[in-house]
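Asker: The following comprises the amino acid sequence and a computationally predicted model.
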Amino acid sequence: MRKPYIRQPLDSPLKAFDNAQFEWMPMLTVRVGRRLEPQRIRLEALLDTGSPFCLFRADVGRSLGIDFDKGIPVPIGGPSEGPGEGPRTVAYFHNVQLSVEDLWTVEVRAGFVEHLAFGCILGRRGFFENFKAVFDHSTVPPCVEVYRI
């Protein structure tokens, strides 16, 4: 499956890049739900090869009836942390069903966190161990090709 990136407006221009007003983001449409339950939430998810996990905002978990903070707690942070700085938040992990572009469904262990810039981040554990993604920046807009492994 090949999908173009989504144009994401920026809050302020990027001066280092000719005052760019937007950023191209590799996004997929996903549905998430608890195993064997028909309720699914549809949202846009960012493909992030730098994230070790699949992550969802806590409100997504709450909407599914998941008592998210009863999951397995894992301290998480980001690449901006320096030596001696600890993780900035805790993700609570649960097993969920993830449907990608209504083509494939896999069970993943995903973390739920209170503060997340996107509704969902698709990371290495869960997403990239089930799918291969080829990022193509030779076109405008850039595209991503996703294959089920």
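Answerer: Cool, got the structure.

Asker: contacts, neighbours, all on C-alpha from now
Answerer: Will do.

Asker: in the chain, which spans are helices?
Answerer: 58-63 (DSSP state H).

Asker: Okay, now the unreliable bits of it?
Answerer: 36-39, 78-87 (pLDDT under 70).

Asker: which residues does the closest residue to R31 other than its chain neighbours contact?
Answerer: For R31, ignoring the flanking residues on the chain, the nearest one in space by CA to CA, 6 or more residues apart in numbering is R42 at 4.3 Å. Going by CA atoms under 8 Å, 6 or more residues apart in numbering, R42 touches T29, V30, R31, V32.

Asker: quick one, strands of the protein?
Answerer: Using DSSP state E, the strands of the chain run over 2-4, 6-14, 20-25, 27-33, 41-47, 54-57, 72-76, 89-100, 104-113, 120-122, 131-136, 143-148.

Asker: To I66, which of these lies closest?
Answerer: Nearest to I66 among the strands of the chain is strand 89-100; the distance by CA to CA comes to 8.5 Å.

Asker: What are the buried residues along that closest one?
Answerer: By 16 or more other CA atoms under 10 Å, the buried positions in strand 89-100 come out as V90, A91, Y92, F93, H94, V96, Q97, L98, S99, V100.

Asker: circling back to that earlier point, going by neighbour count, which of the contacts of R42 comes out on top?
Answerer: Neighbour counts for those (other CA atoms under 10 Å) peak at V32, which has 24 neighbours.

Asker: residue farthest from the centroid of the protein?
Answerer: D18 (28.1 Å; CA atoms, centre = their mean).

Asker: how close does it get to I6?
Answerer: 20 Å (CA to CA, to the nearest Å).

Asker: burial count for M1?
Answerer: M1, neighbours per other CA under 10 Å, totals 10.

Asker: Surely it is in contact with E145?
Answerer: Yes. M1 is in contact with E145 according to CA atoms under 8 Å; the separation is 5.5 Å.

Asker: ok, the residue most central in space within the chain to D48 distance?
Answerer: Nearest to the geometric centre of the chain sits I121, at 1.1 Å (CA atoms, centre = their mean). To D48, I121 is 6 Å away according to CA to CA.

Asker: same question, G119
Answerer: 13 Å.

Asker: If anything else comes up later, I'll come back, but that's it for now.
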